[in-house]
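# Give me the fold of what follows.
(2 chains)
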Amino acid sequence: AQSVTQLGSHVSVSEGALVLLRCNYSSSVPPYLFWYVQYPNQGLQLLLKYTSAATLVKGINGFEAEFKKSETSFHLTKPSAHMSDAAEYFCAVMSRDDKIIFGKGTRLHILP
Amino acid sequence: EAGVVQSPRYKIIEKKQPVAFWCNPISGHNTLYWYLQNLGQGPELLIRYENEEAVDDSQLPKDRFSAERLKGVDSTLKIQPAELGDSAVYLCASSDRGETEAFFGQGTRLTVV
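Numbering: from 1, shown residues only, chains lettered A, B, ... in the order given. Okay, here's the model as predicted:
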């Protein structure tokens, strides 16, 4: 069965510092992978997705993620954190039968 | 283009009462999902529709939860009777055939007291 593990339920970074949110997946077949962001009292918004094309995926708001098959990872990064990046981030995997499985989420805190 | 629309945004009910949530997916999207999101957790799939057919309802607690998607467009999710543990956010999402991403509504926050 497919699953997603996000390391760290809370991550704090200083404004301007590198953001790194970790995600590992398990899948018996090449997956589709996603990062979603959720602001308070809002739904989920897609940041970026990997669909077996380029392994380095660029998304909105300056975020990017790199698919590493050997490490079964899809970590999310942003070079310089902004206060507006404070939110909950979810990594997700979609199986070939269109079932989307989410990780438990990582809350990103930005320190002034 | 309008996104996924859910209503109500918030609902407070007493335990043992029934409650229903409504979802209007993006026009033309054939796949519709209902997810449950508990506080501090990721969304968990309750049911997935392909047009009007429920293709995955294995995680739907069928003793008290029911869902329908008449005509393959709008969908409703019902809980009867509600329990305290049902307090959560219920998210609806839709996707188009051949697309690899799902678009989410803002969710309905249910509080059972």
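# Which positions in chain A make contact with chain B?
Within chain A, the residues that sit near chain B (Cβ under 8 Å from any Cβ of the partner chain) are A:4, A:9, A:32, A:34, A:36, A:41-46, A:49, A:51, A:90, A:92, A:94, A:97-105. To be clear about C-beta, it is placed using only N, CA and C from the backbone, and glycine gets the same treatment.
# Try it again at 6 Å.
Taking Cβ under 6 Å from any Cβ of the partner chain as the contact definition, chain A meets chain B at A:32, A:42-44, A:46, A:49, A:51, A:90, A:100, A:102-105.
# now those residues: which count as buried?
A:Y32, A:G43, A:L44, A:L46, A:K49, A:T51, A:F90, A:I100, A:F102, A:G103, A:G105 (16 or more other Cβ atoms under 10 Å in any protein chain shown).
# Turn these into a markdown table, columns for secondary structure and pLDDT.
Output for those, formatted as a markdown table (DSSP: H, G, I helix; E, B strand; the rest coil; pLDDT from 0 to 100):
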| residue | secondary structure | pLDDT |
| --- | --- | --- |
| A:Y32 | strand | 88 |
| A:G43 | coil | 87 |
| A:L44 | strand | 92 |
| A:L46 | strand | 93 |
| A:K49 | strand | 92 |
| A:T51 | coil | 85 |
| A:F90 | strand | 97 |
| A:I100 | strand | 86 |
| A:F102 | strand | 93 |
| A:G103 | coil | 94 |
| A:G105 | coil | 96 |
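# Just the closest of those to B:S58, please.
The shortest approach to B:S58 among those belongs to A:I100, at 14.2 Å (Cβ to Cβ).
# and that closest one, what does it touch?
Residues near A:I100 by Cβ atoms under 6 Å, 6 or more residues apart in numbering or on different chains: A:A92, A:M94, B:A102.
# give me the beta-bridge partners of it?
Judged by DSSP bridges, the bridge partners of A:I100 are A:M94.
# where's it relative to B:P43, distance?
According to Cβ to Cβ, to the nearest Å, A:I100 stands 8 Å off from B:P43.
# does the most centrally placed residue in chain B sit in a helix or strand, and which one?
Centroid check for chain B by Cα atoms, centre = their mean gives B:W34 as the closest residue, at 3.2 Å. Secondary structure from DSSP states H and E places B:W34 in strand B:31-37.
# Likewise for B:C23?
In the assignment (DSSP H and E), B:C23 maps to strand B:19-24.
# got the angle for that strand vs strand B:31-37?
140 degrees (axes from the mean of the first three to the mean of the last three Cα atoms, to 10 degrees).
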